[in-house]
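> Starting from these lines, generate the structure:
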Amino acid sequence: MKDFTNKVAAITGAGSGIGRALALNLAQQGCHLALADINEQGLVETAVQAQVVGEKLGVKVTQTVLDVSDQKAVFAWADKVVADHGKVNLIFNNAGVALSGTVAALSVEDYQWIMNINFWGVIYGTKAFLPYLEQSGEGHVINISSTMGLAAQAMMSGYNASKFAVRGFTESLRQDLDLTESCVSATCVHPGGIKTNIAKSARMSDSVQEVTGTDKQKALAEFERTFITTPEKAAEIILNAVNKNKRRVLIGADSRVFDWSARLFPAGYQRFFNAVIKWRSRALQKASL
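Sure thing, here's the model as predicted:
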């Protein structure tokens, strides 16, 4: 897919962050948009901005309040997108949440919550749109994993599990599409820390404070300090990767650090990551004295 003019893109998690940046970038390129998010206010804001950006190019923008963990709702949305736009060429499975805490402290329900959104939401989005992408004659599936789909980190087992699952699913999908000589392709995206709202909507167990010795708000603030890449830059990299039909995309220097750590030290990186967590925890404790 060398350009996005007059294509139709469906984007989940479009109410903020990477989803919004993708929508605005695509609108500037004359791509019609079907936007979805569970946050209605953010969704409306993105839709209005995209409409303004794409007005001179005749860009059509539709919006749907959507919970990606609801299978029937996602499939109904895919049907609606084609009914509204006549076709769909791209699905960006971008919606996601974060969860932190030790395995001992997190509940089964916590794991079900994050997997339903981060992993099953990707499966539902892919399965719902894939037949329509095939019908379009030129389609692409873009699934958002994470640096934590490359290497694991302590107290992020639920998030790690969901993002590793997205990676495995997408890489296998791409091989399926290659073998069947499909007109659809797939790309797995591994962003590092992006300046988005994901931390604000994250679930954090009290065990984080017990392990690090810092309260939740300080731990959250420290987590947000690692967000070094803007959503706009991330969107630019993702869309360039689609143009070049890349299988995998790393976004940010931190993503490359995770990737090479796992490649060079497939077991040893765990000790290094834990050492960094301990160092940061001590620094935070000293700063609060």
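> C-alpha from now on. contacts and neighbour counts both.
OK.
> Just the strands from the protein, written as ranges.
Counting by DSSP state E, one finds strands in the chain at the ranges 8-11, 32-37, 61-65, 90-93, 99-100, 139-144, 184-191, 203-204, 248-251.
> quick one: low-confidence parts of this structure?
Flagging of the chain using pLDDT under 70 yields the residue ranges 195-202, 209, 212-227, 283-289.
> circling back: could you dump the strands of the chain to a markdown table with distance to V166?
Formatted as a markdown table, the strands of the chain follow (distance: least, C-alpha to C-alpha, whole Å):
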| stretch | distance to V166 |
| --- | --- |
| strand 8-11 | 16 |
| strand 32-37 | 19 |
| strand 61-65 | 23 |
| strand 90-93 | 10 |
| strand 99-100 | 16 |
| strand 139-144 | 7 |
| strand 184-191 | 8 |
| strand 203-204 | 20 |
| strand 248-251 | 12 |
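> Pick the most deeply packed of the ones you listed.
Highest mean neighbour count among the strands of the chain (mean count of other C-alpha atoms under 10 Å): strand 32-37, with a mean of 28.
> Run me through the strand neighbours of that one, direction for each.
Strand pairing for strand 32-37, determined by DSSP bridges: strand 8-11 (parallel), strand 61-65 (parallel).
> Contacts for the first one next, please.
Translated: strand 8-11. Residues outside strand 8-11 that contact it (C-alpha atoms under 8 Å, 6 or more residues apart in numbering) are 19, 23, 31-36, 81, 85, 87-94.
> now swap in stretch 95-114 and tell me
12-14, 19, 37, 68, 117-118, 121, 154-159, 162, 198-199, 201-208.
> The closest residue to M1 other than its chain neighbours: neighbour count?
Spatial nearest neighbour of M1, chain neighbours left out: N243 (5.3 Å); criterion: C-alpha to C-alpha, 6 or more residues apart in numbering. Other residues near N243 number 14, with proximity taken as other C-alpha atoms under 10 Å.
> circling back: closest to K2 out of the strands of the chain?
Proximity to K2 (C-alpha to C-alpha) singles out strand 139-144 among the strands of the chain, at 11.4 Å.
> thinking the residue nearest to M1 is in contact with K2, fair?
Yes. Between N243 and K2 there is a contact under C-alpha atoms under 8 Å: 4.9 Å.
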